[in-house]
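Let me see the structure of the following:
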Amino acid sequence: MNSEVVLILDFGGQYKELIARRVRECGVYSVIKPYKTSLEEIRKINPIGMILTGGPNSVYAPESPLCSKELFSMGIPVLGICYGMQLMNYLLGGTVNPCEKSEYGRIPVTIDRPSVLFEGLSPEQVALMSHTDQVSVLPEGFESLAHTATCPNAAVANPAKGLYGFQFHPEVENTVHGMEMLKNFLFGVCHARGDYTMDDYIDTQVAAVREKVGKDKVLLALSGGVDSSVCAALLSKAIPNQLVCIFVDHGFMRKNEGDEIERIFTKKDVEFVRVNAADRFLEKLRGVSEPEQKRKIIGKEFVEVFQEQAKRFSDVKYLAQGTIYPDVIESGTDSSATIKSHHNVGGLPKNMDFKGLVEPLNGLFKDEVRRVGKMLGLPNYLINRQPFPGPGLAIRIIGELTREKLDLLREADAIVREEIGKSRSKVNQYFAVLTNVRSVGVMGDDRTYDYTVALRAVTTNDFMTCEYAKLPHSLLSKIASRITNEVKGVNRVVYDITSKPPATIEWE
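Down below sits the predicted model:
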């Protein structure tokens, strides 16, 4: 791409992805690289600015991640956030000490002097702090811009060299005017044009795919999720009639989803193959209750079914995957631990003879993928679909799977999604879980002994943590009434009010 780039150097901070997304929301392209990235590689990237992330370490401790001091004399504007600010000051001759009193949560910040960072903002701000160290003595040429009750240098700057720092986190919503501060750095310090758009990304990827693939055919495992669906739509635009989409229907999709996927992609310029493998998967899972075992069996069987189908297309030369940028980041880099390994990161699968990989979405975050999907004409019900695990309903059914349980949960989940979806409740993810609990109930004059369905609805910004959604009791009552009346086999509905941590969003 020809867009200007802001380079984000990762020192192990949990908000690195959020920083990158915020920069992109301002119309400026961003990339995340390990803190060990060489000066030579940085010069090749040619960023208009750099942001140093937070991190869990103390800059003065042995083995803490450090960058080269020369980074700050390259003539490229730098913004240090939390650990990044402390590191910049430490390397340039300042002093960093443990706080007498640590700061956590939303903290009042007072701006002491005018600065481009705070242009248009009032002197009193509220920002998210999370630190046990702080800068006590500034390096030569630096000045303090803001303070809190216990932190004398909550923001610092050396305007002559384009070096700035926040002790707080401007990228999070709890810093009320954080986006304005980031924009001020990007446009007031880095003089960004704001030339990054999804139109540019689509055009660039279309051209890149055509150049790489030529007239060859490409194979894609279409799961029906947002990422693989948008990948298929983009490839059908780039190389019409050269894409083969294999949709392995394992029988664990939500109500009508398999048919919806087929209806959408049989109208595209692709060869669409639907494999109805529900019986095969259920047989493999007979008697299995442990969730991790379910996941492994489903993953293994999915690969086997896909490979069996792929053998039918001997003229296919490339494998396409719906890898997105967080998959790449989460799968581990030199600077951060692996959060989780992604099946579609790390190269070509063994025992499959392809010339190469095609991954047109691997530079995008999920919200950008959805925007690309909308621009490519995919329906809202697909691109704004509720998050769904790869094993599907198989891990939203506690205990052994049966066809009857799957049908029961499909109906209950459809009611949950319909009712919450059309309400005005603030909720980011919601679904139903079929528990393995049966209890006594009464319907009419008859005693019942049926299943309990649990509702899960959460609010979250990043899915790393969440709070349960405070849904109106009238909405919960309506959902419970509909499920117990319309779904045969359920006589009780409960609401999960546990946050993450200590729970997770999914039950298994």
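
Contact partners for C26?
C26 is in contact with M179, L182, K183, L186, F187, A192, G194, counting by Cβ atoms under 8 Å, 6 or more residues apart in numbering. Any C-beta I mention is one placed from the backbone N, CA and C, and that applies to glycine too.

Quick one: list the elements packing against the worst-scoring helix or strand of the chain on mean pLDDT.
Taking mean pLDDT, DSSP states H and E as the measure, the chain has helix 325-330 as its least confident helix or strand, at a mean of 74. In terms of contacts (3 or more Cβ pairs under 8 Å, 6 or more residues apart in numbering; DSSP states H and E), helix 325-330 is packed against helix 16-25.

who touches the helix it packs on?
Outside helix 16-25, the residues touching it (Cβ under 8 Å, 6+ apart) are 6, 8, 10, 13, 29-32, 51, 53, 81, 171-172, 178-179, 182, 186, 196, 325-326, 329, 336, 365, 367-368, 461-462.

Now K366: closest residue in space, sequence neighbours ignored.
In space, K366 comes closest to I324 once its chain neighbours are excluded; the distance is 6.4 Å by Cβ to Cβ, 6 or more residues apart in numbering.

Burial check on that neighbour, number of neighbours?
Other residues near I324 come to 24 when the count uses other Cβ atoms under 10 Å.

cool, and R371?
By other Cβ under 10 Å, 18 other residues sit near R371.

Over to H473?
H473: 9 neighbours (other Cβ under 10 Å).

residue ranges for the strands of the stretch 51-200 of the chain, please.
78-81, 95-111, 124-137, 143-147, 155-158, 163-166 (DSSP state E, counting those that start in this stretch).

State the paired neighbours of the first one in the sheet, together with their directions.
This points to strand 78-81. strand 49-52 (parallel), strand 163-166 (parallel) (DSSP bridges).

Throw those strands into TSV and include mean neighbour count and mean pLDDT, thanks.
Output for the strands paired with strand 78-81, formatted as TSV (neighbours: other Cβ atoms under 10 Å; pLDDT from 0 to 100):
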stretch	mean neighbour count	mean pLDDT
strand 49-52	27	98
strand 163-166	27	98
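
Surely E486 and A414 touch.
No - assessed by Cβ atoms under 8 Å, E486 is found out of contact with A414, at 9.6 Å.

More neighbours: the two, which one.
Between E486 and A414, counted using other Cβ under 10 Å, the more crowded position is A414 (18 against 12).

The more buried one: what's it in contact with?
By Cβ under 8 Å, 6+ apart, the contact list for A414 reads R254, K255, N256.

any idea how far the least confident helix or strand of the chain is from the chain center?
When distances are taken as Cα atoms, centre = their mean, to the nearest Å, helix 325-330 is centred 8 Å away from the chain's centroid.

With stretch 481-499 instead?
For stretch 481-499, the distance to the chain centre is 29 Å (Cα atoms, centre = their mean).

Endpoint to endpoint, it covers what distance?
This stretch, stretch 481-499, spans 25 Å end to end (Cα to Cα, to the nearest Å).

Could you tell me the average pLDDT over the helix or strand just after the least confident helix or strand of the chain, please?
Next helix or strand after helix 325-330 toward the C-terminus (DSSP states H and E): strand 356-358. For strand 356-358, the mean per-residue pLDDT is 91.

do you know which of the strands paired with strand 78-81 lies nearest L285?
Closest of the strands paired with strand 78-81 to L285 is strand 49-52, at 46.0 Å (criterion: Cβ to Cβ).

Kindly export that closest one (C-alpha atoms) in PDB.
The C-alpha trace of strand 49-52 is given here as PDB (Å, rounded to 0.1, in the frame of the first residue of the first chain):
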ATOM      1  CA  GLY A  49       5.700   8.500  13.400                       C
ATOM      2  CA  MET A  50       6.300   5.800  16.000                       C
ATOM      3  CA  ILE A  51       4.400   4.800  19.100                       C
ATOM      4  CA  LEU A  52       6.000   2.800  21.900                       C
END
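
let's have the chain start at 213 instead
I'll keep to 213 as the first residue from here, and by that count the last item is strand 261-264.

follow-up on the earlier one: may I ask which of the contacts of A626 has the most neighbours?
Neighbour counts for the contacts of A626 peak at R466, which has 21 neighbours (criterion: other Cβ under 10 Å).

which ones are touching it?
By Cβ under 8 Å, 6+ apart, the contact set of R466 is F600, G604, L605, R622, D625, A626, R629.

What is the neighbour count of the nearest residue to the second one once chain neighbours are set aside?
Excluding its sequence neighbours, the residue lying closest to G604 (Cβ to Cβ, 6+ apart) is F464, at 3.1 Å. Around F464 there are 27 other residues, counting by other Cβ under 10 Å.
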